[in-house]
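# Mind looking at a prediction? Sequence and model below.
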Amino acid sequence: MAVARLARLVLGPGAVRGRGAVAGSLPRCAGPGRAPRRLFSNRNILVELEEGAGVAVMKMKSPPVNSLSLDFLTEFSISLEKLENDRGCRGVILTSGNCPAGGCLMAVSCDYRIMAENPKYSIGLNETQLGIVAPFWFKDTMVNTIGHRATERSLQLGLLYSASDALKIGIVDELVPEEKVLNAAAATMSQWLAIPDYARQISKSMMRKPTLDRMLTHRESDIQNFVSFVTKDSIQKSLQTYMERLKQRKG
Amino acid sequence: MAVARLARLVLGPGAVRGRGAVAGSLPRCAGPGRAPRRLFSNRNILVELEEGAGVAVMKMKSPPVNSLSLDFLTEFSISLEKLENDRGCRGVILTSGNCPAGGCLMAVSCDYRIMAENPKYSIGLNETQLGIVAPFWFKDTMVNTIGHRATERSLQLGLLYSASDALKIGIVDELVPEEKVLNAAAATMSQWLAIPDYARQISKSMMRKPTLDRMLTHRESDIQNFVSFVTKDSIQKSLQTYMERLKQRKG
Amino acid sequence: MAVARLARLVLGPGAVRGRGAVAGSLPRCAGPGRAPRRLFSNRNILVELEEGAGVAVMKMKSPPVNSLSLDFLTEFSISLEKLENDRGCRGVILTSGNCPAGGCLMAVSCDYRIMAENPKYSIGLNETQLGIVAPFWFKDTMVNTIGHRATERSLQLGLLYSASDALKIGIVDELVPEEKVLNAAAATMSQWLAIPDYARQISKSMMRKPTLDRMLTHRESDIQNFVSFVTKDSIQKSLQTYMERLKQRKG
């Protein structure tokens, strides 16, 4: 159930039928400058919708790290669904801090990525660093974004990219000073929304559907593989070490 | 019939069994410096063949824009066929001005692209700007040329690239001052013709055949899709606006 | 038999179940600075294993060119197998001089490529220059490394890249002065070996398995095609010219 939801939501921006989605790495409390209407909120996620533009901003707010727990992902999934069903919403801006592993997938599932020029942020699929393996649909989405060769090196070494390296490799599209991330995202969004929705959505689907279909076709076997892999003693031990390191960062 | 011809000819340079084809963006009246033998001409297209080199130059000559009408495409198709059957011809240089939509496909179907450094020229698949969608075989050819990520952004936003952006993204291979385009094309062509034709043709086919086969396999459904899409009232209206803008440029 | 071995060994570094493999272009007599244990040697290949690091260095030693003869490839294959079965070996550094054709495939089959900044070295699939055609699995591996467009141009023209062009196009990952190649390779290898072997091997297989499977599926027809092609009179003549040129370099 959890894994099914995860699959659905991390590819959510692709599933939101062509609505523009832009991810930025930005401080959690920065606002877009204009006063948005608060739409809804829950423990982990805050969603604001600016009604004039039809653009929602979705903020993840469980510091110090937005762990992709069942709890968090459920809220994330519900939030995206609400926006998808809201005819007044044409685009979603996702904000996050660091983007390792699942956070990186969320970002590359979006249409455009803006990253703050701040040495404390990084982005990448670092699974092998924890002794685990990124699922094939993470890999496919990464190949679509940065190509085969860069993905191979990236996955094998579990690389986390700094802002400038991320731009160079193409995993993000634009760097801006941290305080300007939301404004840059709003400007980019208006470019995407200037295109007739219908034509843009079909074009997007044409690019992403094969990858999405492959994920859906192999979902069950992927879950089985992952469960049998991750419950191994050696892997559990390796993950425990990682979790303890994360807790120390929280403390 | 028209669409069948279109499919055939826009992929023509691929179908010309490995003969080198180079597209340039250049003024319609510039000549290659040397006196070529005039081979044949019709209302829209002028073909000259330099017999020593075995290189034909095909000029599109219906200013101000070479609209890809049934008329134009029929002549284009016939011209390519004549060259294909002419054993004295080993390579074709296509010249065109701007390269939006179908013009861009013609360019990326060639082996090499040279663009004039002139701000008035641009190249790209701008279909979504008109409210329509590039066919999947435009998309496939674009992915082969500039990769998945750049194609996705390019198609969704209907981007037209200036010369310098076109070079950066890799949709053209070389920029030269406008008056040197044909000479640069001739120089490049001689590089391609220095390779044994047979080995070069098989190598080219190895790279392009899967894309071509996919187009041929799905041709009928693609035509049906396009016809049912383009005859919608909303799409017709959007195209009418675009055609009126083009007419104003002609006037 | 020879071709079967060839197929196996040139993809050997992929087949060595995820063990890191790094290719460098370096002078044949340079050592890694530290005293390695000599493991084994034969007429064409010298393999040294540094036991502490678990890293083997495989040197090809039949100057002036390591012709990929049946003899050479058999030894190469056996050497890789020995290393694969040696539990004390976690990574292999292959060294070679120039990397045309099959040498280039060996390099792109590795995980990382370091090239000496020396104008006398080049790398590329130059088959068409000899009037022959790179096999589809050379092509596939090249596309995985430098992308579709660069591969198409590269294969059609049979391009050999200088060090700086090779870096630009991405066929090598790093340039270093010639005397530092082995040290750079050792440093890179330790990065790769810092990742848990198991996670890295699965990630690598996820990236390379489809290409490898395709090669294995079509191996027999590929051999038939190649044999019938290469035994043509015209091709034999073209190859003879090339071999004579190589012999002149030896003399």
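Now that the structure is in, tell me what you want to look at.
# A:Lys120: what secondary structure?
coil (DSSP: H, G, I helix; E, B strand; the rest coil).
# Report how many residues lie close to it.
By the measure other Cβ atoms under 10 Å in any protein chain shown, the count of residues near A:Lys120 is 11. Yep, even glycine has a C-beta here, placed from its N, CA and C like the rest.
# which one is it nearest to, not counting chain neighbours?
Sequence neighbours aside, A:Asn98 is the residue nearest to A:Lys120 in space, at 7.9 Å (criterion: Cβ to Cβ, 6 or more residues apart in numbering or on different chains).
# where's that neighbour relative to B:Met106, distance?
Remark: distance between A:Asn98 and B:Met106 (Cβ to Cβ, to the nearest Å) = 45 Å.
# For A:Thr217, give its distance to C:Ser203.
From A:Thr217 to C:Ser203 the distance is 21 Å (Cβ to Cβ).
# Then A:Leu159?
11 Å.
# one step back: between A:Thr217 and C:Ser203, which one's more packed in?
Between A:Thr217 and C:Ser203, C:Ser203 has the larger neighbour count (other Cβ under 10 Å), namely 26 against 10.
# measure that one to C:Gly88 for me?
23 Å.
# Equivalent analysis for A:Arg43, please.
52 Å.
# Just want to know which of the two has more residues nearby.
More crowded of A:Arg43 and C:Gly88, by other Cβ under 10 Å: C:Gly88, with 15 against 10.
# hang on, isn't that one packed against C:Glu50?
No - taking Cβ atoms under 8 Å as the definition, C:Gly88 is not a contact partner of C:Glu50, at 9.9 Å.
# Overlap in contacts, those two.
Among the neighbours of C:Gly88, none is also in contact with C:Glu50 (Cβ atoms under 8 Å, 6 or more residues apart in numbering or on different chains).
# Contact residues of the stretch 1-150 of chain A facing chain C?
A:127-134, A:136, A:139, A:147-149 (Cβ under 8 Å from any Cβ of the partner chain).
# Can you tell me which of those is nearest A:Met243?
A:Leu130 (9.4 Å; Cβ to Cβ).
# Let me see the backbone angles for the residue nearest to that closest one when sequence neighbours are not counted.
Ranked by Cβ to Cβ, 6+ apart and with sequence neighbours excluded, the top spatial neighbour of A:Leu130 is A:Tyr242, at 4.7 Å. Dihedral pair for A:Tyr242: phi -60, psi -40, per degrees, to the nearest 10.
# Next, count neighbours for A:Tyr242.
14.
# what about the helices in chain A?
Using DSSP state H, the helices of chain A run over A:2-10, A:12-15, A:70-85, A:102-108, A:136-146, A:148-157, A:163-169, A:181-193, A:197-217, A:219-230, A:233-250.
# Can you tell me which of the ones you listed is most buried?
helix A:102-108 (a mean of 24; mean count of other Cβ atoms under 10 Å in any protein chain shown).
# tell me the average confidence for that one?
The average pLDDT for helix A:102-108 rounds to 94.
# Would you tell me whether that helix gets close to chain B?
No - interface with chain B: helix A:102-108 contributes nothing (Cβ under 8 Å from any Cβ), its closest point being 9.3 Å away.
# Low-confidence stretches in chain A?
Residue ranges of chain A with pLDDT under 70: A:1-36, A:38, A:63-64, A:249-251.
# Find the centremost residue of it, please.
A:Met106 (1.6 Å; Cα atoms, centre = their mean).
# quick one: that one from A:Gly97, how far?
12 Å.
# for A:Val227, same thing?
From A:Val227 over to A:Gly97 (counting by Cβ to Cβ), the distance is 29 Å.
# how much space between the residue nearest to A:Leu130 and A:Thr128?
In terms of Cβ to Cβ, A:Tyr242 sits 12 Å off from A:Thr128.
# What parts of the stretch 1-150 of chain A come near chain B?
A:Asp111, A:Tyr112, A:Val143, A:Asn144, A:Thr145, A:Ile146, A:Gly147.
# which residues touch the third one?
What that stands for is A:Val143. A:Thr151, B:His148.
# So it versus C:Leu80, what's the distance?
28 Å.
# Turn the helices of chain A into JSON lines, columns for distance to C:Glu179.
Output for the helices of chain A, formatted as JSON lines (distance: least, Cβ to Cβ, whole Å):
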{"stretch": "helix A:2-10", "distance to C:Glu179": "48"}
{"stretch": "helix A:12-15", "distance to C:Glu179": "50"}
{"stretch": "helix A:70-85", "distance to C:Glu179": "53"}
{"stretch": "helix A:102-108", "distance to C:Glu179": "38"}
{"stretch": "helix A:136-146", "distance to C:Glu179": "33"}
{"stretch": "helix A:148-157", "distance to C:Glu179": "25"}
{"stretch": "helix A:163-169", "distance to C:Glu179": "28"}
{"stretch": "helix A:181-193", "distance to C:Glu179": "45"}
{"stretch": "helix A:197-217", "distance to C:Glu179": "45"}
{"stretch": "helix A:219-230", "distance to C:Glu179": "44"}
{"stretch": "helix A:233-250", "distance to C:Glu179": "39"}
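# Of all these, which one is nearest A:Tyr121?
That would be helix A:163-169 among the helices of chain A, by Cβ to Cβ, at 6.3 Å.
# Only C-alpha atoms, please: export that closest one in PDB.
Extracted in PDB, the C-alpha atoms of helix A:163-169 (Å, rounded to 0.1, in the frame of the first residue of the first chain):
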ATOM      1  CA  ALA A 163      24.500  23.300  -7.200                       C
ATOM      2  CA  SER A 164      27.200  24.100  -9.800                       C
ATOM      3  CA  ASP A 165      27.800  20.400 -10.600                       C
ATOM      4  CA  ALA A 166      24.100  19.800 -10.800                       C
ATOM      5  CA  LEU A 167      23.700  22.600 -13.400                       C
ATOM      6  CA  LYS A 168      26.700  21.300 -15.300                       C
ATOM      7  CA  ILE A 169      25.400  17.700 -15.500                       C
END
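# packing partners for it?
Packing partners of helix A:163-169 (3 or more Cβ pairs under 8 Å, 6 or more residues apart in numbering or on different chains; DSSP states H and E): strand A:112-116, strand A:174-176.
# how distant is the first one from the center of its chain?
To tie it back to what came earlier, the one meant is strand A:112-116. Relative to the centre of its chain, strand A:112-116 is centred 11 Å away, using Cα atoms, centre = their mean, to the nearest Å.
# what angle sits between it and helix A:181-193?
Orientation of strand A:112-116 against helix A:181-193 (axes from the mean of the first three to the mean of the last three Cα atoms, to 10 degrees) gives an angle of 170 degrees.
# Hmm, A:Leu46 is touching A:Asn66, no?
No - using Cβ under 8 Å as the test, A:Leu46 is too far from A:Asn66 to be in contact (11.8 Å).
# Show me which of these two is the more surrounded one.
Taking neighbours as other Cβ under 10 Å, A:Leu46 and A:Asn66 compare with A:Asn66 leading, 22 against 18.
# Enumerate every residue touching that one.
A:Asn66 touches A:Asn44, A:Met60, A:Phe72, A:Ser96, A:Gly97, A:Gly103, counting by Cβ under 8 Å, 6+ apart.
# Swap in 10 Å and give it another go.
A:28, A:44-45, A:59-60, A:72, A:76, A:96-99, A:102-103, A:106 (Cβ atoms under 10 Å, 6 or more residues apart in numbering or on different chains).
# of all those, which comes closest to chain C?
Of all the contacts of A:Asn66, chain C sits closest to A:Gly102, with 16.1 Å by Cβ to the nearest Cβ.
# How much space separates that closest one from chain B?
20 Å (Cβ to the nearest Cβ, to the nearest Å).
# Skipping its backbone neighbours, what lies nearest that residue in space?
A:Leu68 (4.5 Å).
# List phi and psi for the one you found.
Torsion angles, degrees, to the nearest 10, at A:Leu68: phi -80, psi 60.
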